[in-house]
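J.: heads up, no residue letters with this:
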């Protein structure tokens, strides 16, 4: 099967974490399919500088590499439309005769869906989170274009049930849709200990961007509450972002700066080695579509403490504790204390995560493809 993947979120090199969840999909797909990635690059930046990119290849399977074709585009203000993308898709379809197009994120699908409908080939769109729960609320054009994509794509795929419900409320469409989650790289499935030993140092880890939607400013206060319960705890933070200084200042004011370790931005393949000896993952975001970090942590045997927002409860499942979003510092700290006093079976958590291997996830996507092109 010849497949065109359209996405602006894709790694520029193998250690780049941008769009690695789509790269992982492609690595599975190319085992038995002919796959090309078309990557729009918005070349006119806010500074009005023009920065163009060019085609490149990434590591594939064996001698088969991942071909990434870059199309330099100009995005129309307050719109998902990108000047230059539609013509490039049309050209690619004429030359390569693809069987179908698969777009990731609504903003990469506006032109692709139109071209696919004009030519008469199937177009699949996968929605990952902010393209449903955030950006359509920021401007009426984003909302209008998202609804148009939802209603004209042949198949819509959502990475969580939560996102599908949000899309149903937004567009009220009757199109065929599926829930197919993001997966986990094999690197995260490691040999794990059964349970934490009583008296072990309680290592809480946060992984993600340090921004407002992740609500990282509360992390020091949560840790302080746990320490006040007499638990020997530390907080380990993997990631970078604008809120880092706020975390540091809050930690200093609470007198617990020495209990917090910052790792900065870490390559995805190095994370399992760092977190394998951690006690649990903490995720307190205001909203999430399908947080891959939860499944990656669980694959390493970590239980998760998370808030009941977006796709977090769905991803955590039985591998952790979900708490109310109200009185967040108190509720989360109590859940962490409970987890310390009542450790979960780490091997069982890791085994349950096996269902989300990329092999299993992509198998479901290929079944959708076959239905469309039969």
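T.: Great, that's in hand. Not measured: the values here are computed from a predicted model.
J.: from here on, contacts and neighbour counts on C-alpha atoms
T.: Fine.
J.: contacting residues for the residue nearest to residue 180 when sequence neighbours are not counted?
T.: The shortest distance from residue 180 to any non-neighbouring residue, by CA to CA, 6 or more residues apart in numbering, is to residue 159 (5.2 Å). Going by CA atoms under 8 Å, 6 or more residues apart in numbering, residue 159 touches 126-129, 179-182, 289-290.
J.: buried sites along stretch 159-169?
T.: Residues 159-164, 167 are the ones in stretch 159-169 that count as buried (16 or more other CA atoms under 10 Å).
J.: stretch 116-129 too?
T.: 116, 121-129.
J.: name every strand pairing with the longest strand belonging to the chain and say which way it goes.
T.: As assigned by DSSP state E, the longest strand anywhere in the chain is strand 64-75. Its sheet considered, strand 64-75 pairs with strand 34-42 (parallel), strand 56-61 (antiparallel), strand 82-83 (antiparallel) by DSSP bridges.
J.: buried residues in it?
T.: By 16+ other CA under 10 Å, the buried positions in strand 64-75 come out as 66-75.
J.: possible to save these as JSON lines with pLDDT and distance to residue 209?
T.: Below are the buried residues of strand 64-75 laid out as JSON lines (pLDDT from 0 to 100; distance: CA to CA, whole Å):
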{"residue": "66", "pLDDT": "95", "distance to residue 209": "27"}
{"residue": "67", "pLDDT": "94", "distance to residue 209": "29"}
{"residue": "68", "pLDDT": "96", "distance to residue 209": "26"}
{"residue": "69", "pLDDT": "96", "distance to residue 209": "28"}
{"residue": "70", "pLDDT": "96", "distance to residue 209": "26"}
{"residue": "71", "pLDDT": "95", "distance to residue 209": "28"}
{"residue": "72", "pLDDT": "95", "distance to residue 209": "27"}
{"residue": "73", "pLDDT": "94", "distance to residue 209": "27"}
{"residue": "74", "pLDDT": "93", "distance to residue 209": "27"}
{"residue": "75", "pLDDT": "92", "distance to residue 209": "25"}
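J.: how much space separates residue 233 from residue 320?
T.: In this view, residue 233 and residue 320 are 18 Å apart by CA to CA, to the nearest Å.
J.: what's the answer for residue 309, then?
T.: Between residue 309 and residue 320 the distance is 14 Å, computed by CA to CA.
J.: more crowded one of the two?
T.: Using other CA atoms under 10 Å as the criterion, residue 309 and residue 320 rank with residue 320 on top: 22 against 19.
J.: was I right to think residue 289 contacts residue 310?
T.: Yes. Contact criterion CA atoms under 8 Å: residue 289 and residue 310 qualify, at 5.9 Å.
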